[in-house]
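Student: sequence? don't have it. structure:
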Ligand code: ARG
């Protein structure tokens, strides 16, 4: 392509090297910003005419022309050209092809530096909206499944060792609260992402009497920049979104890890729905938790995206630097991963087959009521350290004969400590252990129901607000 056909070609005598064109170009991926770019340009053109910077007729032609461009992109007939570098110059060049002279006025009082930042902010904001909807949907599924299993018990663990019985509903709700906080983080990040940088121009503002606030309003943004250098040169909004994404993936990955363990026959707490598992080409008995494994694995990509952008930004002097063009691909990739993972997890949890009988068996094998026996003795005046020791001996005794503590006879128990009475039988019930943990936020069924009610109320308010 001849030098003069580059929008910035005026001062250049030689054409760009082909490999450099590819190296510096971004259109192959930043064309994903076309809708934001067109919306931003329409708002900019209208403002230019309101401010008397361009004529109303020119603005109308620009807006109509941009709609034609949008139509071509949607129809798949738009010709993206690598020689035109990026989405902005591709769209502007086509606009001018379509409408002639007025197209050349669109860029008045604007630079690609504020333009790209606006497009990216609009894009990131839209994705944060989507993420928060997906998070709410996942919370809804988890709260629903927790409601079915408020009274299903499984071994709670610490150090991955059987610790105390908990309600499966309580366990699922732990994740629901994590995802609810992620939702809050999305909404909070959105406040700062949805701010318009348009009007900062290249770096210093412009000599044209722009009205950035009206552009922000038309684009339904929260407000405008206060410092032109800051406006074009920070990407903290994308970093915040990526941090939210990494936290979402970290939470999903932990849940995946548990599902992978639970699907192992040694646990057997879940039967993976067929639609979310795969078989082995050689071992006929296999049912592999690939979806959960991939989600755990893909977490690395999102962490990588956050680190990529943090590293890009760390040494940049004010204001715009071309390094910042590298902000988009990591975000696009992270967005795909976060959105797909959230959607899949909601479906998978809805379809998950829980196996309460296997959980019950594990309670017994893990002596999950040993703390109850120790507490029982301590409540009867046995010093806790001693009570702990007696309960330990009871475990050893039961283990020898493959029984649970609740299967030991009263005589056997009294042989270990004469403070034990017949009322111990009730205490050793797993249900009792769970029911008695009714402190705020505890695992007792009524506390589980309380959490579900709180989450449902929150979901309802979200729906009403939308
Ligand atoms: N494609 C560029 C980017 O994504 C647009 C801004 C280019 N600005 C410039 N001064 N070369 O960052």
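Tutor: Received it, and whenever you're ready, just let me know what you need. What you are looking at is a predicted structure, and each value in this text was computed from that prediction instead of being measured.

Student: C-alpha only now, for contacts and for neighbours.
Tutor: Fine.

Student: so what's residue 153 bridging to?
Tutor: residue 167 (DSSP bridges).

Student: close enough to count as contact, it and residue 165?
Tutor: Yes: when contacts are counted by CA atoms under 8 Å, residue 153 is listed as touching residue 165 (6.3 Å).

Student: need the overlap of contacts for the two.
Tutor: Jointly contacting residue 153 and residue 165 under the rule CA atoms under 8 Å, 6 or more residues apart in numbering are residue 430.

Student: which SSE is residue 163 in?
Tutor: strand 161-167 (DSSP states H and E).

Student: next one: that strand to chain centre, how far?
Tutor: Mean C-alpha position of strand 161-167 versus that of the full chain (CA atoms, centre = their mean, to the nearest Å) differs by 29 Å.

Student: elements contacting that strand?
Tutor: Applying 3 or more CA pairs under 8 Å, 6 or more residues apart in numbering; DSSP states H and E, one finds that strand 161-167 contacts strand 153-158, helix 430-436.

Student: quick one: closest of these to the ligand.
Tutor: Ranking the helices and strands packed on strand 161-167 by proximity to the ligand (CA to the nearest ligand atom) places strand 153-158 first, at 47.2 Å.

Student: and the residue of this protein closest to the ligand?
Tutor: Taking CA to the nearest ligand atom, the ligand has its nearest neighbour within the chain at residue 325, 3.6 Å off.

Student: which residue packs closest to that residue, ignoring adjacent ones?
Tutor: Leaving aside its chain neighbours, residue 325 sits nearest to residue 26 (7.6 Å; criterion: CA to CA, 6 or more residues apart in numbering).

Student: burial measure for that neighbour, as a count.
Tutor: Each residue near residue 26 was counted by other CA atoms under 10 Å, and the total is 19.

Student: that one and residue 16, how far apart?
Tutor: 15 Å (CA to CA, to the nearest Å).

Student: same check on residue 213?
Tutor: According to CA to CA, residue 213 and residue 16 sit 38 Å apart.

Student: with neighbour numbers in mind, choose between these two.
Tutor: Per other CA under 10 Å, whichever of residue 213 and residue 16 has more neighbours is residue 213, with 20 against 16.

Student: ok, and the closest non-adjacent residue to the more buried one?
Tutor: Nearest to residue 213 is residue 224, by CA to CA, 6+ apart, at 6.1 Å.

Student: what sits against that neighbour?
Tutor: Contacts for residue 224 (CA under 8 Å, 6+ apart) come out as 195, 196, 197, 198, 212, 213, 216.

Student: dihedrals phi and psi, the third one?
Tutor: Per-residue torsions, residue 197: phi -90, psi 0 (degrees, to the nearest 10).

Student: need the pLDDT of it.
Tutor: pLDDT, residue 197: 98.

Student: residue 225 is in contact with that one, correct?
Tutor: Yes: in terms of CA under 8 Å, residue 197 counts as a neighbour of residue 225; the distance is 5.3 Å.

Student: anything in contact with each of those two?
Tutor: With CA under 8 Å, 6+ apart as the test, residue 197 and residue 225 both reach residue 231.

Student: go through the longest helix anywhere in the chain and flag the buried ones.
Tutor: Counting residues, the longest helix found in the chain (DSSP state H) is helix 112-148. Buried residues in helix 112-148, defined by neighbour count with 16 or more other CA atoms under 10 Å: 112-125, 127-129, 131-147.

Student: do you know how far residue 296 is from residue 240?
Tutor: 21 Å.

Student: got it, and residue 398?
Tutor: With CA to CA as the criterion, residue 398 and residue 240 are 53 Å apart.

Student: what sits against residue 85?
Tutor: Residue 85 makes contact with 21, 24, 25, 26, 27 under the criterion CA under 8 Å, 6+ apart.

Student: chain neighbours aside, what residue packs nearest to it?
Tutor: For residue 85, ignoring the flanking residues on the chain, the nearest one in space by CA to CA, 6+ apart is residue 25 at 4.4 Å.

Student: how about that neighbour, what does it touch?
Tutor: Counting by CA under 8 Å, 6+ apart, residue 25 touches 82, 83, 84, 85, 86.

Student: next one: residue 138
Tutor: Residue 138 neighbours (CA under 8 Å, 6+ apart): 176, 179, 342, 343, 345, 346.

Student: now these as JSON lines including pLDDT, distance to the ligand and neighbour count?
Tutor: Formatted as JSON lines, the contacts of residue 138 follow (pLDDT from 0 to 100; distance: CA to the nearest ligand atom, whole Å; neighbours: other CA atoms under 10 Å):
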{"residue": "176", "pLDDT": "98", "distance to the ligand": "37", "neighbour count": "25"}
{"residue": "179", "pLDDT": "99", "distance to the ligand": "32", "neighbour count": "25"}
{"residue": "342", "pLDDT": "98", "distance to the ligand": "28", "neighbour count": "24"}
{"residue": "343", "pLDDT": "98", "distance to the ligand": "29", "neighbour count": "16"}
{"residue": "345", "pLDDT": "98", "distance to the ligand": "33", "neighbour count": "23"}
{"residue": "346", "pLDDT": "98", "distance to the ligand": "34", "neighbour count": "20"}
